Each structure stands twice: as C-alpha cells, then as structure tokens.
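Asks: With the sequence up front, the predicted model follows.
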Amino acid sequence: MCCLLMCCSSLLPATAGDPPHTALRLSVRHLVDGKPLVRRDSVYTNASGETFTITRFRYYLSNFSLLTTDGKELRLPPNYFLVDDSIPSSKEIVLNNIPAGNYSGIRFLIGVDSIRNASGVQAGVLAPENGLFWTWNSGYIMAQLEGVSPAVKAPSHQFLFHIGGYRKPYSVLQPLTLSFPKPLVVAAGKESQIKVVADAGKWFHAAGNVSFQDVAVIMAPGPNALKIAANYFHMFEVEEIVR
Amino acid sequence: MNRKAWYIASAFCLLLLLVQAGRKESRGYSAHAAPDPYVLQLPPGFPPPVYNFSQNPLTKQGVALGRFMFYDYRLSRDSTVSCGFCHQQFAAFGHFDHALSHGVGGQQGIRSVPVIFNMIWQKEFMWDGGVNNLEMQPLTPLTDHAEMAVDLRELLKKTQRDARYRKMFKEAFGSEEVTSERMFKAITQFVATMISAGSKYDSVMRKIPGVYFSAEESAGYTIFQQKCASCHKEPLFTDLSYRGNGLPYFAPLNDAGRMRITSDSTDYLKFKVPTLRNILKSAPYMHDGRFFDIFQVFAFYDHGVEPLPGTDPQVKKGIPLSATEQRQLYHFLNTLTDYSLIKNEELSEVIIE
C-alpha cells in the first residue's frame, strides 16, 4: 500500500505549490506629438517645420525596477522586451512575479544594458536575426525610428535613426523613472495594469531640436545618437493606472 | 481491505514500477546520447583564454557542427561562399593570394582576410576591433553584402529544413531546433579549436630535445626581440592593441581604421597589430593586403614609413633593417609556421555534396 501511495504521489501534477500569479502589465500606446501614430499614412510636422511619415518604430526596454511608496527600489528579474509598433502584442509588456505592495513609480532602460551588448550571442528578442545588433560595430540598436520626409535631401527621402551605443563617451543608456499619478497597489494573485504612452514626436524636440536638414541617417554610436537619445528619454509617460 | 483490492493495487503498482523503470532506461539512453565533452589542450606558456566557455562548453558534436557550417557554402545568399572559402587552412585560415576579401556576386571588401587561429585569446575581432565577442563574429561575414550576404532569418529557415542539420543540432544541443544562438555557438566551438602553438619556435621555447634554432634563425630571433616584439608580443605575437604603423594612406579604399569604431580622431588609421604566427603562409600583408612578399614589409619598415600624428612612436622613424637582418628575420619568421595547424585533419575542409 505504501508502494502504491508513493507511486501515485509521484504522478500527481505539481499544482499545489505554485505561487499565485502576481503581475504588472504595461500597455503601451504610440503617439506622435499627442496624435496617434499611424505608420505610413499620417503626416506629422517636426519642430523645424519639416513634414514626415513614420515607417518603422521599434525599441528595447529592459532592467525594470519598481519604486515602493516608502522610497525603496525593487529590482525585477532580468527581462528584455522588444516593442515594435507593427506588432500589437509587443505593446503589452507583462512583468511577472511582482511582490504585492504599494508602488509609486517604475524605472527602466530604453535599450539593452551594456553587459548584454558584449556577452556574445543572445536568444529571444535579443537574437541577432531581429536586425537590431550592429554587425560591424558590436552593440544593440536600442531604439529605431525610420520614415520619409521631403526635407531629406537623399533621393529616397528616407530618414533612418538607429540609435545605440553602450560604451562611454557615447553610451545612450540612462535609467529612466516614471512616477505613477497615484500609488499602484499590487495585490497577490492579481494582475495590475498601467497604461503608458510613448510619443515618437519627442525624438525631434524634447531636449534639442533635430532637423532632417542636419541629420537624416544615424547608424552608429556618436554625438548624433546621443542627441536623439537625450530626446527620446522623454517620450514615455504613465497615462493611467487601470487596476 | 479485501483481497481483490490488494491484487488490483499490487498490479497497478507493478505497472507503475515498470513504467518508471522504462523511463529510467530511456533516460539512461538519452544520457548516453548527450554530447561528449571536448577537452581543449591549452598550450603551456599562453595566458588564460579571454573567451568565456562557461555558457558554451565545447563538445565533440558541437565542434563537428561548427566545422560543418564553417565549410558549408549554402550559408551564403547564393550558395557559393563558405567561411572556409576565404579562411583557407593552408593559408593559416587567411585568404591565399588575395589582397582584399571578396564574396557573393563578385563583391569586394576593403580589407584583407584576417587569419583565424588563437581566437580564444582575443577580446575584440576584425582589423578595427569592431566585434566585441567571438560568438558575434560570424554575424559580420554572414550578413555583409560583400561577403556571404545572407538574410539571417532565411538562413535559419533553410537550415531548419535540412534533415542533416536537424540531426546535427540534436546531437550537439539536444533538440533539432535551429537558432542563431546555437548556430553561432557551434561555429565558435569549432573556431576555438583552431590553436596555433606547435611551430618550431614553440618547440625551441619548450626545450624539446633535439630542436634548436639554426644560427640564422637565432640571429633573427634576436632582431625580432629588439625591433618587433614590443608590438608583436610573444607568445601570441601580437599585443592585440591598435596602432598606426605609418603605412601610407590609400585613398581609394578610404579606410579610417579604428576611428570608425570609436569615433575618436586619435584612432585614425589605426589597425589591430596582426599576429606573426604563420606569417609566411598568410600573405598578402597589411590590413589592405598591399604587400605580397614579406621582404616588401621589411622594406616598408626600413624606409617606407610615412609618419602621421597618430603613428606609433616606435615606428615613426622607421625600423632600420639591413639586408642581412632581413634575411635573418625571414628565417626566424619561418620558424613560426605551424604545420600542426595548417595540416591538422580535424580542422580540414568537410566536403559538402
């Protein structure tokens, strides 16, 4: 009988000990200067008065931590997300195994931390076939904005902003903190949700004006990439705490 | 409990035991099929490897897969160019008689093919050090439009469809799934086994009985130590630094060197110091392959240096080398040819039908 019990217990599915699913969902919406981002179709105007359309908008997010209402920073397990405007599911970011508690804000990196830039081949969203790892000068393209503007002098009129760089003095990595409009209460076993907007229009003016006349193609770390990164650092905002 | 229930319970228990035993057996079988460790013989006197093997332990099956891919021309866009196409074993995995690299569709690059061996001691790759990890190195030639020009996603699909590759990926990594991570790690495993430390020079240094430098080789070694060794540092015969050697700028190629990577103007026209191991087998010389003969290189250092602000102070005024010294140096460099590398059957081309 003892044997029977042992045998049976080894076959039981291991559900009893699973912790309840406590997660935080970030639902991201893309805008351009407050208007919805519609790739190819919507025409926008930058601060220099140049019109443009957007064909591609992608960026990595990583190194998330939550700020507790009592002023502590809680680092979440390493996780990497590739948000691609053309893939709706990529705009739903789910951070799992969040400890229950009250949180006042969230901190993260736009891009991939320097360690993963230099640790050899990576899998998943960091895999090289995603086309966001420079082949000739190793490192991730942290954020990518491409489009068309008549102000670009080249025959294709394309602008290509591939922003990266993980080494000083051209590192574009800088942790960014978003404060919640009111404390977020994460309860055990529940999924909390916040709505976040990312405004691609900020790439052109948040910290310093960018004109296509000056630069239309950025494909390497350097001063131009730093300038854009200083702008896109301001593109996120918490819109609403849903639950 | 009645007797009938006991029988049923016992029979059920026996059945479960049999199932468990069967599972153990199959587990035992799969343990047998796990890849076999590959023990890399590290040469005495070399520094510890830079490459971190902890996330990519060498296995015989992993190395075999990497070797197969290294010689598989189907990895290129039009199935004409393999890694081994440019990295020829008899040329110490450089490209014999080619000043500049070339790839699919008659495309030509702007630099000469670097030799591939002792890569696990390098922290950066390419002439300008632009690639920061050995595992990432395959990405560059695979995707460069002037080399293999492949779309990585297409390549992964194509490889996944190939029954032979599915089998080899399973043997090396436990499942048939083809991923870029597995692909690059397998190539890295094969490249890690390309070690050159078996030249006559090495035998002399290890005091192998009966192996001595000739008088000319010995004189050449002295000249090397006096005039070359500070950059071409033993035992790798490179200090892996980036330096300007005063090579006249060649406008048509418009190659800024290391500055392209660092955006630092002090790195203008600097290139990685190449190894001198197997140097007589790996002509042509310099980052653009402009010299086809080692004596042209000697002549350049003797009287051809054109100093620029970024030129290394050690070569700014040239390196005087008399005809006798050049001859002696040639004889010494000849002792750096490693037949245990260029004739190693474990590294040789796999013929792919």
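Replies: Arrived safely. Numbering: from 1, shown residues only, chains lettered A, B, ... in the order given.

Asks: Can you tell me how far the residue of the stretch 201-350 of chain B found nearest chain A is from residue A:225?
Replies: Relative to chain A, the nearest point of the stretch 201-350 of chain B is residue B:263 (4.7 Å; Cβ to the nearest Cβ). Placement of C-beta: from N, CA and C, glycine included. Separation of residue B:263 from residue A:225 (Cβ to Cβ, to the nearest Å): 10 Å.

Asks: which residues are in contact with both of those two?
Replies: Taking Cβ atoms under 8 Å, 6 or more residues apart in numbering or on different chains as the criterion, residue B:263 and residue A:225 both touch residue A:170.

Asks: Who has more neighbours out of those two?
Replies: With neighbours defined as other Cβ atoms under 10 Å in any protein chain shown, residue B:263 and residue A:225 compare such that residue A:225 has more, 25 against 17.

Asks: what's the distance between the more buried one and residue A:232?
Replies: Counting by Cβ to Cβ, the gap from residue A:225 to residue A:232 is 10 Å.

Asks: Residue A:86 too?
Replies: Residue A:86 is 18 Å from residue A:232, by Cβ to Cβ.

Asks: These two: who's more crowded?
Replies: Set side by side, residue A:86 and residue A:232 show more neighbours around residue A:232, with 26 against 10, by other Cβ under 10 Å.

Asks: what does the model give the nearest residue to that one once chain neighbours are set aside for pLDDT?
Replies: Closest residue to residue A:232 in three dimensions, ignoring its sequence neighbours and counting by Cβ to Cβ, 6 or more residues apart in numbering or on different chains: residue A:203, at 5.1 Å. Note for residue A:203: predicted pLDDT of 97.

Asks: Contacts only, for the residue of the stretch 201-350 of chain B closest to chain A.
Replies: When contacts are counted by Cβ under 8 Å, 6+ apart, residue B:263 touches A:170, A:220, A:221, A:222, A:223.

Asks: wait, isn't the second one in contact with residue A:137?
Replies: In other words, residue A:220. Yes. Counting by Cβ atoms under 8 Å, residue A:220 does reach residue A:137; the two are 6.2 Å apart.

Asks: what's around the residue in the stretch 101-250 of chain B that chain A sits nearest to, how many residues?
Replies: Nearest residue of the stretch 101-250 of chain B to chain A (Cβ to the nearest Cβ) works out as residue B:135 at 3.4 Å. Neighbour count of residue B:135, defined by other Cβ under 10 Å: 24.

Asks: same check, this time on the one 4 residues further on
Replies: When neighbours are counted by other Cβ under 10 Å, residue B:139 registers 21.

Asks: That one and residue A:131 touch, don't they?
Replies: No. The pair residue B:139 / residue A:131 is not scored as a contact, 10.9 Å apart, by Cβ under 8 Å.

Asks: Between those two, which contacts overlap?
Replies: residue B:152.

Asks: Quick check: chain neighbours aside, which residue is closest to the residue nearest in space to the middle of chain A?
Replies: With distances taken as Cα atoms, centre = their mean, residue A:61 lies nearest the centre of chain A, 3.1 Å away. Once flanking residues are discounted, residue A:61 sits nearest to residue A:81: 4.7 Å by Cβ to Cβ, 6+ apart.

Asks: unless I'm mixing things up, the one you found is touching residue A:63, no?
Replies: No. Assessed by Cβ under 8 Å, residue A:81 is found out of contact with residue A:63, at 10.7 Å.

Asks: right, and the residue nearest to residue A:232 touches residue A:230 too?
Replies: No. Shown here, residue A:203 and residue A:230 do not form a contact pair, counting by Cβ under 8 Å, at 10.1 Å.

Asks: Which one's more surrounded, those two?
Replies: Using other Cβ under 10 Å as the criterion, residue A:203 and residue A:230 rank with residue A:203 on top: 23 against 14.

Asks: ok, now which ones touch the more buried one?
Replies: Residues counted as contacts of residue A:203 (Cβ under 8 Å, 6+ apart) are A:145, A:161, A:210, A:228, A:231, A:232, A:235.

Asks: got a list of what residue B:47 touches?
Replies: By Cβ under 8 Å, 6+ apart, residue B:47 lies in contact with B:121, B:236.

Asks: again with the one 10 residues further on
Replies: Applying Cβ under 8 Å, 6+ apart to residue B:57 gives the contacts residue B:37.

Asks: Need the phi and psi values for residue B:271.
Replies: Backbone torsions for residue B:271, taken as degrees, to the nearest 10, come to phi -130, psi 160.

Asks: ok, and for the helix or strand hosting residue B:158, which residues are buried?
Replies: Using DSSP states H and E, the element containing residue B:158 is helix B:152-161. By neighbour count on 16 or more other Cβ atoms under 10 Å in any protein chain shown, the buried set for helix B:152-161 is B:152, B:155, B:156, B:158, B:159.

Asks: can I get those residues in TSV with pLDDT?
Replies: Output for the buried residues of helix B:152-161, formatted as TSV (pLDDT from 0 to 100):
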residue	pLDDT
B:152	97
B:155	97
B:156	98
B:158	97
B:159	98
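
Asks: so what's residue A:166 up against?
Replies: Residue A:166 touches A:111, A:112, A:113, A:114, A:117, A:118, A:139, A:140, A:172, A:173, A:221, counting by Cβ under 8 Å, 6+ apart.

Asks: most neighbours, which of those residues?
Replies: residue A:111 (30 neighbours).

Asks: Distance of it relative to chain B?
Replies: 16 Å (Cβ to the nearest Cβ, to the nearest Å).

Asks: pLDDT wise, what is that residue at?
Replies: In this prediction, residue A:111 carries a pLDDT score of 98.

Asks: The closest residue to it other than its chain neighbours in helix, strand or coil?
Replies: Closest residue to residue A:111 apart from its sequence neighbours, by Cβ to Cβ, 6+ apart: residue A:142 at 2.9 Å. What DSSP: H, G, I helix; E, B strand; the rest coil gives for residue A:142 is strand.
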